[in-house]
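*Asks:* Following is a predicted model, sequence given first.
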Amino acid sequence: MTFKMTWALAAEHVDEWTGQDFTEAAAVLEREVGATVSASGMNEGGQMHFRETFLAPVRDGIPGAGREAVEAGRSWDQAAGPLLVVLAPAA
């Protein structure tokens with residue numbers, strides 16, 4: 001099943017990815033949001049806090065609750081701080 005993942009970082013970045021593998025989607029989110037955070041100018045402690053507090057909970061939901069929702073034909077969204085992620089079955 002193909003699905004689309006869209007994510008937004010408040011005042012920073014919006015992007016999307018389409019695929020079939022929920023574990024890969026989580027890795028893409030980690031890589032892409034991580035790169036944005038690294039380039040943000042935040043100090044190392046701030047970056048670590050962002051990754052642990054905001055990115056990790058959303059990323060970790062993709063292969064679990066996100067997958068369950070999409071496989072049932074529903075959208076799934078999760079937000080933490082300035083990060084919002086939406087998974088939806090592809091048309």
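*Replies:* Structure received.

*Asks:* ok, the worst-scoring helix or strand of the chain on mean pLDDT: who's next to it in the sheet?
*Replies:* None of the helices or strands of the chain scores lower by mean pLDDT, DSSP states H and E than strand 13-19, at a mean of 93. In its sheet, strand 13-19 lies beside strand 3-9 (antiparallel), with partners assigned from DSSP bridges.

*Asks:* Check which residues of the strand it pairs with are buried.
*Replies:* Within strand 3-9, the residues scored as buried using 16 or more other Cβ atoms under 10 Å are 3-9. Using the backbone N, CA and C atoms, a C-beta is placed for each residue, glycine as well.

*Asks:* picking up where we left off before, show me how far the least confident helix or strand of the chain is from its chain's centre.
*Replies:* In terms of Cα atoms, centre = their mean, to the nearest Å, the centre of strand 13-19 is set 9 Å apart from its chain centre.

*Asks:* Among the buried residues of strand 3-9, which pair sits farthest apart?
*Replies:* The two members of the buried residues of strand 3-9 with the most space between them (Cβ to Cβ) are Phe3 and Leu9, at 20.4 Å.

*Asks:* if we can go back for a sec, can you list the buried residues of strand 3-9 in a markdown table and add distance to Ala27 and pLDDT?
*Replies:* Shown next, in a markdown table, are the buried residues of strand 3-9 (distance: Cβ to Cβ, whole Å; pLDDT from 0 to 100):
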| residue | distance to Ala27 | pLDDT |
| --- | --- | --- |
| Phe3 | 15 | 97 |
| Lys4 | 16 | 97 |
| Met5 | 11 | 97 |
| Thr6 | 16 | 96 |
| Trp7 | 13 | 96 |
| Ala8 | 19 | 95 |
| Leu9 | 17 | 91 |
